[in-house]
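# Make a model of this:
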Amino acid sequence: MQVRVQSIHFDATEKLQAFIEKKTAKFAKVCEDATVDVVLKVVKPETAMNKEVQMSITMPGGNLHADKTCDT
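Numbers count the residues shown, from 1 in each chain. Just a heads-up that it's a prediction; the model follows:
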């Protein structure tokens, strides 16, 4: 399984990348051929709800996509 992490408007720390790797490793049990794309983004200007994450999982037989906006 391949995991690609892209961070926009900030530098993702090693700890954050390790957290993403740990959480996405669960998909490897379902499909070894999956590709996971994670986009982390800090929206300018600084507001309470300015952190966004988009996750796309491409695997044989279908694709999954999720979006979330939070303050942390």
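
# can you pull out the helices in this protein?
14-24, 27-30 (DSSP state H).

# got TSV for these, with mean pLDDT and distance to Val39 too?
Heads up, the C-betas are built off the backbone N, CA and C, glycines and all. Putting the helices of the chain into TSV (pLDDT from 0 to 100; distance: least, CB to CB, whole Å) gives the following:
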stretch	mean pLDDT	distance to Val39
helix 14-24	92	11
helix 27-30	82	17
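
# now the ones you listed as TSV including mean neighbour count and distance to Leu64?
Compiled in TSV, the helices of the chain are given as follows (neighbours: other CB atoms under 10 Å; distance: least, CB to CB, whole Å):
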stretch	mean neighbour count	distance to Leu64
helix 14-24	12	11
helix 27-30	12	9
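
# would you turn these into TSV with distance to Met59?
Listed next are those as TSV, based on distance: least, CB to CB, whole Å:
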stretch	distance to Met59
helix 14-24	12
helix 27-30	8
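
# nearest to Val53, of the ones you listed?
Proximity to Val53 (CB to CB) singles out helix 14-24 among those, at 9.1 Å.

# Mind listing residues that contact the worst-scoring helix or strand of the chain on mean pLDDT?
Of all helical and strand segments in the chain, the minimum by mean pLDDT, DSSP states H and E falls on helix 27-30, at a mean of 82. Helix 27-30 is contacted from outside by Met1, Ala34, Val36, Ile57, Met59, using CB atoms under 8 Å, 6 or more residues apart in numbering.

# List the contacts of the first one.
If a contact means CB under 8 Å, 6+ apart, then Met1 has Thr24, Ala25, Phe27, Ala28, Cys31, Glu32, Asp33, Ala34, Thr35, Val36 as its contacts.

# Give me the buried entries from those residues.
Neighbour-count burial (16 or more other CB atoms under 10 Å) applied to the contacts of Met1 gives Thr24, Phe27, Ala34, Val36.

# Tell me which two of those residues sit farthest apart.
Longest span within the buried ones among the contacts of Met1, CB to CB: Thr24 and Ala34, 8.7 Å.
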